[in-house]
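In: Need a 3D model of the sequence below.
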Amino acid sequence: MIIIGITGSIGMGKTTVSNMLRIFKIPVFDSDRVVKEILEKNYDIIEKISRIWPESVSFHQKQKKINKNVLSKKIFESKNERKKLEGIIHPLVKKERTSFLRQSEKYFLVGLDIPLLYETGMDKECDYIFLVHTTKKIQKRRVLIRAYMTEKKFRLINNSQWSFEKKKKKTPYIINTSFGKLVTFIIVIFYLLKIKFRGK
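Out: Numbers count the residues shown, from 1 in each chain. Sure thing, here's the model as predicted:
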């Protein structure tokens, strides 16, 4: 089994690239989706968060619900707070990822969509890495149309991740999404063929 890590900063097009892999029946682990499910459904985690960041939790039909907008604002303004939340959530994400890889052993290729791939050291677990990238102008335009997104929050999120230049030094396969989905798809196919013939 060959593991492809898919990473890049916010708004670069990771989800688009992951969906393109799925077209070829390549299973992809979506870290963001797992985190979302944990924050919405894991009541032990919701309880922990309510004790540490009570302002980020409200009651809805007598159940505690996390306001992800409030929580994200809190953690991206403080590295210590972000590390605290990562310490709570990342072990559960790791458990889900391990289970995904175990269940996907029959596949030749699998993908791991992990925004903080390099920052968490997960690049060492991958055979190849797709670094998804676009211009700062396009990135900003994509991100700022999202609900509850502000320029300040966008800047804080970007600053919490490695720069493109730093990631580039790790010599990943760079997928530029600046020229539309068709060009992106062609680049993805090119790299998949390259990996197929090179193997591990």
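In: For Met12, see how far away the residue positioned nearest the centre of the chain is.
Out: Central residue check for the chain by Cα atoms, centre = their mean: the C-alpha nearest the mean position is that of Pro115, 3.0 Å away. Distance, Pro115 to Met12, by Cβ to Cβ, to the nearest Å: 9 Å. Bear in mind the C-beta positions are built from the backbone N, C-alpha and C, glycine included.
In: Could you do Phe130 as well?
Out: 11 Å.
In: Also Ile114?
Out: 13 Å.
In: dump the residue contacts of Gly11.
Out: Thr134, Ile138, Gln139, Lys140, Arg142, Val143 (Cβ atoms under 8 Å, 6 or more residues apart in numbering).
In: What does it show for phi and psi?
Out: phi 80, psi 10 (degrees, to the nearest 10).
In: Could you check the one helix or strand in the chain whose mean pLDDT sits lowest and say which residues are buried?
Out: In the chain, no helix or strand scores lower on mean pLDDT, DSSP states H and E than strand 57-60, which sits at a mean of 82. By neighbour count on 16 or more other Cβ atoms under 10 Å, the buried set for strand 57-60 is Val57.
In: Equivalent analysis for stretch 95-115, please.
Out: Within stretch 95-115, the residues scored as buried using 16+ other Cβ under 10 Å are Glu96, Arg97, Phe100, Leu101, Ser104, Leu109, Val110, Gly111, Leu112, Asp113, Ile114, Pro115.
In: Likewise for stretch 69-87?
Out: For stretch 69-87, by 16+ other Cβ under 10 Å, it's Leu71, Ser72, Lys73, Lys74, Ile75, Phe76, Arg82, Leu85, Glu86.
In: what about the longest helix in the protein?
Out: Once the chain is assigned using DSSP state H, the helix that runs over the most residues is helix 79-103.
In: What is that one packed up against?
Out: strand 28-30, helix 31-41, helix 43-52, helix 68-76, strand 109-113 (3 or more Cβ pairs under 8 Å, 6 or more residues apart in numbering; DSSP states H and E).
In: Among those, show the one with the smallest mean pLDDT.
Out: Lowest mean pLDDT within the helices and strands packed on helix 79-103: helix 68-76, a mean of 87.
In: pull the CA atoms of it into CSV?
Out: Extracted in CSV, the C-alpha atoms of helix 68-76 (Å, rounded to 0.1, in the frame of the first residue of the first chain):
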residue,chain,number,x,y,z
LYS,A,68,-16.8,26.2,16.2
ASN,A,69,-16.5,29.8,15.1
VAL,A,70,-16.0,31.0,18.7
LEU,A,71,-13.6,28.1,19.4
SER,A,72,-11.5,28.6,16.3
LYS,A,73,-11.2,32.3,17.1
LYS,A,74,-10.0,31.5,20.6
ILE,A,75,-7.4,28.9,19.6
PHE,A,76,-6.0,30.7,16.6
